[in-house]
Each structure stands twice: as structure tokens, then as C-alpha cells.
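Engineer: Mind folding the following:
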Amino acid sequence: MSAHRPIGFGLDHLPRIVRGEGSYLFDTEGRQYLDGSGGPAAFCIGHANREVNAAITAQLERFACAYRYLFTTDVLEELTELILGKFGPDFGHVVYCCSGSEAVESALKVALQFWHARGLRDKRHFIARERSYHGNTLGALSMSGFAERRLPFESSLLDVTFVSAANAYRPAGGVAPAELVATLAAELEERIRRIGPERVAAFIFEPVVGAAGGVVPAPPGYAEAVRAICDRYDVLLIADEVMCGAGRCGTWRALDHETVRADITAVAKGLAGGYIPLGATIFSNAIGAAIVAAHGTILTGHTYSGHTTACAAGLAVQRIIERDELVKRVAVAGRTLKSTVQAALERFEEVGDVRGRGYFLGIEFVRDRITKEPFPAQRGLSHEIGRRAFENGLICYPCAGNAGNGMGDTIIIAPPFNATDAELAELVDKLAKSVGQVLRP
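Structural biologist: Model prediction:
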């Protein structure tokens with residue numbers, strides 16, 4: 001009996017997967033699928049990696065999980081040291097969890113606890129961006145400017161103020177590219193002043209927007225501008241790097257492309273590469289010291305926070321990435337991948353934009369390249385391309401709605417960091433074939 005599909009991926013039914021091997025998955029009918037999107041940009045070193053599986057097995061043979069509030073473990077401490085090494089000496093705190101949504105939720109709670117510890121208990125309000133997605137828990141969903149996913153839960157979400165998306169391809173109000181960063185920064189500053197800096201806890205953003213925008217890097221200078229504004233008004237800056245971080249953009253921190261550090265950062269998907277659910281929230285020494293001094297401990301966590309076997313998986317994945325210099329490979333090969341995708345799709349006038357960083361690419365389809373007019377929502381173009389690619393043995397990630405009112409079609413490409421050159425070439429060939437079958441039937 002076939003399973004019904006989850007809404008949004010364009011599949012009429014779900015095949016039953018029986019085996020994974022590197023960049024490929026295989027179903028019960030013997031069909032082979034190249035994982036060109038790492039699932040939801042999560043499977044960063046492919047499937048069934050023997051080293052990772054051995055690390056998980058070895059941990060399970062000793063013990064599965066030590067309760068974090070009673071014990072520490074070698075793998076937890078080693079993973080913590082590895083993560084903090086990516087952030088520098090001003091960052092000394094990691095809170096673990098089991099998903100990206102929880103990592104964002106913890107970031108919000110850390111921000112609120114920090115201001116409470118400082119005696120500034122009116123600083124409870126958050127500012128986020130339109131066309132963003134931060135997760136599916138109620139707090140994280142509240143921060144998400146993603147109407148399609150928010151709609152059934154609106155009456156239970158937090159009151160959050162939204163500012164414009166930082167999208168150079170579709171700038172809010174048609175602002176000229178040279179003026180975009182200054183305009184967006186002025187908007188954020190105006191909102192903070194209107195709400196009252198004494199009431200604003202934090203501004204949260206994705207350095208590279210994932211599912212809600214179809215891979216949208218912020219324009220150059222944007223991160224520095226919002227960092228300066230947050231500093232000016234004593235507002236925390238939260239970076240949601242759940243999808244774009246942990247090496248996906250060719251740097252371990254997505255914000256390494258800029259010259260700033262967020263006060264709090266959420267990571268997840270690529271942290272353990274999908275082998276066992278794992279997320280983390282990293283924050284500064286200053287935040288941690290204030291909280292510990294006032295409350296004694298960080299008041300966010302769950303039964304399985306720092307789950308030992310999950311940490312063993314994450315540590316194994318990260319050691320492979322470091323040993324094999326995969327982040328450097330993503331940075332270099334990602335430029336080639338982007339240019340190859342652009343060349344392969346250039347003949348299609350419906351391809352309006354190919355964007356992204358590293359192995360995190362978004363392709364936006366439009367009715368007219370000049371006007372950037374999107375296809376009507378009922379056309380379901382991105383889902384049709386995603387479905388056709390799937391039939392051709394390629395997994396990609398279709399998204400819709402980034403142009404507003406349900407319109408806007410994008411495809412996300414996010415292959416494993418260790419995909420071979422031949423596999424990347426196969427990805428591009430099958431993508432171009434699938435796009436052609438849909439647009440030029």
C-alpha cells in the first residue's frame with residue numbers, strides 16, 4: 001500500500017527506500033535516485049557512510065544516552081570543542097537539541113532569559129523578515145514570514161514584527177540595487193524605534209534564506225548593516241543557520257562570508273548529516289555569563305539534549321568533513337557547479353535567476369526574464385519540475401510562494417559535500433533534462 005505524499009513536494013505517492021549508498025538512494029523497485037538536494041539540504045556526506053555508522057554502533061554498544069543533567073561524555077565535550085572552535089574565543093556556550101526548529105526555539109529562549117537576567121524584562125519582542133522560515137515549533141514558526149506554513153496556526157503564534165526580505169532579485173518596493181542595503185537597514189532601524197528599543201529582544205534572520213525564498217543570500221554589506229543597528233539599540237542578533245550553515249555555503253558558518261558574528265546562532269541539518277537528529281544553539285560568553293550569574297543555568301533543554309549517540313554521529317560527520325577538507329571543496333567546486341547549472345539552463349528563457357553559495361543553489365523560474373513576472377500559483381511549476389526530476393532519478397527540492405500571493409517557483413540544489421565530479425555532472429544533466437521536459441514538452 002502506497003503512502004500519501006506530504007504537501008509541497010509534487011509527488012503522487014512515496015516510493016519505499018531500502019538502501020542508501022553515498023549520493024544515491026535505492027527503492028524496492030530497483031530505481032536509483034541521485035540525492036541532488038541532500039534531502040532538505042541535510043545529508044551533507046551522503047548515505048550509509050561506514051565510518052559514521054561505525055561510530056554510532058560503537059557508542060550504542062557502550063551506552064545509548066547519558067542524561068545531560070547528570071553526566072557529561074567524551075563525545076559531547078569533543079563535539080562542543082569542535083563547534084566552538086568555529087566561532088572563536090568570544091563564544092563558549094552550546095545548547096544541544098534534536099532539530100533545527102528546537103535550535104531556533106532555544107535561541108529565542110536564550111535571548112529572553114538574557115534580558116530577564118539583565119533586569120530588562122520588557123525586552124520581549126522579536127523582529128524577523130518576510131519570506132523567511134525558522135521552524136515548525138510555535139515559537140520558531142512565529143518568526144517565519146512564510147504564510148503558507150503559518151496559516152493554520154496564526155491564532156496561537158507570538159506577536160512578531162516583520163521587515164522586508166533582503167532579496168536582491170526581488171527587492172521590496174523595487175529599490176535600486178545600490179540602495180537596497182541602506183533601505184533595508186533604515187527599515188529595521190525605524191521598526192526598532194517605533195516599537196521602542198527597550199522592548200525589542202532580538203532580530204532574527206537567515207544569512208541565506210532556504211525553503212521560504214529558494215536560496216536567497218543577503219546582499220553584500222547587509223549583515224554588517226544590521227549588526228551595527230542591533231549594537232546601536234542594544235538588540236541581540238540571531239543567525240538561523242539551520243539550513244545554510246555547517247559548511248553548506250562553503251564556510252562552516254554561513255556568516256563567515258561577512259565580517260560579523262551573531263550573538264546567537266542556530267545550526268542543525270548538516271551538523272550530524274541526517275544520521276541522527278541533532279541541532280545546536282551557540283551563544284556568546286557575555287550572554288552565558290549574565291544568565292548563569294542571575295539564574296545559575298540556561299533554562300532551555302529537553303530530555304534528549306546532548307543525546308550521546310547523536311553527538312557521536314555529529315562528531316564523526318564533522319571529523320570526516322575536517323579530515324577530507326570538504327568545506328574547502330564546497331567553496332571551490334560550488335563556483336563551478338553554479339556556473340555549470342547556469343550554462344545548462346541558459347537556453348530556457350523561463351530561468352530568471354541562478355543564485356546561492358557553495359553547494360546551496362536556487363533556481364527561480366519566471367514567465368518573463370525582463371519583468372520577472374512569476375508563473376501563476378495554480379501552474380505548480382516548481383513541483384512539476386521536481387516530480388519530473390524524481391522520475392528521472394534526481395532528487396531536488398521544489399519551493400513555491402517566494403514572489404508573494406502563492407506565486408514564485410524555485411528549485412533548490414544542495415548535493416552532498418563529498419559528491420564526485422561525475423555525480424555533479426549527472427545532477428546537472430538530469431536537472432536540465434527535467435526542466436526541458438516540463439518547459440518544452
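
Engineer: going forward, measure contacts between C-alpha atoms and count neighbours the same way
Structural biologist: Fine.

Engineer: Which of the helices or strands spans Leu25?
Structural biologist: Using DSSP states H and E, Leu25 sits within strand 24-27.

Engineer: Please enumerate residues in contact with that strand?
Structural biologist: Strand 24-27 is contacted from outside by Pro15, Arg16, Ile17, Val18, Arg19, Gly20, Gln32, Tyr33, Leu34, Asp35, Gly46, His47, using C-alpha atoms under 8 Å, 6 or more residues apart in numbering.

Engineer: swap in stretch 41-55?
Structural biologist: Contacts of stretch 41-55 (C-alpha under 8 Å, 6+ apart): 20-25, 38, 243, 248, 269-270, 273-275, 312-313, 316-317, 321, 360, 414-419.

Engineer: Report the contact partners of the residue lying closest to Leu361 once chain neighbours are set aside.
Structural biologist: Leaving aside its chain neighbours, Leu361 sits nearest to Ile413 (5.1 Å; criterion: C-alpha to C-alpha, 6 or more residues apart in numbering). For Ile413, the contact set (C-alpha under 8 Å, 6+ apart) comprises Gly36, Ser37, Tyr359, Phe360, Leu361, Gly362, Cys396, Tyr397.

Engineer: Gln437 too?
Structural biologist: Here Gln437 is in contact with Arg388 (C-alpha under 8 Å, 6+ apart).

Engineer: Can you classify it as helix, strand or coil?
Structural biologist: helix (DSSP: H, G, I helix; E, B strand; the rest coil).

Engineer: which element is Pro40 on?
Structural biologist: Under the criterion of DSSP H and E, Pro40 resides in helix 38-41.

Engineer: Helix or strand next in line after that helix, which one?
Structural biologist: Counting by DSSP H and E, the next helix or strand C-terminal to helix 38-41 is helix 50-62.

Engineer: and that following helix, C-alpha only, in PDB?
Structural biologist: C-alpha atoms of helix 50-62 as PDB (Å, rounded to 0.1, in the frame of the first residue of the first chain):
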ATOM      1  CA  ARG A  50      30.600   3.300   7.100                       C
ATOM      2  CA  GLU A  51      32.700   5.500   9.400                       C
ATOM      3  CA  VAL A  52      29.700   7.300  10.800                       C
ATOM      4  CA  ASN A  53      27.700   4.100  11.200                       C
ATOM      5  CA  ALA A  54      30.700   2.500  13.000                       C
ATOM      6  CA  ALA A  55      30.900   5.500  15.400                       C
ATOM      7  CA  ILE A  56      27.200   5.200  16.100                       C
ATOM      8  CA  THR A  57      27.400   1.400  16.600                       C
ATOM      9  CA  ALA A  58      30.400   1.700  18.900                       C
ATOM     10  CA  GLN A  59      28.600   4.300  21.100                       C
ATOM     11  CA  LEU A  60      25.400   2.200  21.200                       C
ATOM     12  CA  GLU A  61      27.500  -0.800  22.400                       C
ATOM     13  CA  ARG A  62      28.800   1.200  25.300                       C
END
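
Engineer: pLDDT on the following helix or strand past it, on average?
Structural biologist: Scanning forward in sequence from helix 50-62 by DSSP H and E, the next helix or strand is helix 74-85. What helix 74-85 shows for mean pLDDT is 98.

Engineer: contacting residues for Leu315?
Structural biologist: So Leu315 contacts Val75, Glu78, Leu79, Ala272 (C-alpha under 8 Å, 6+ apart).

Engineer: Asp240 now?
Structural biologist: Contacts of Asp240 by C-alpha under 8 Å, 6+ apart are Val104, His134, Ile204, Phe205, Glu206, Pro207, Thr265, Ala266, Val267.
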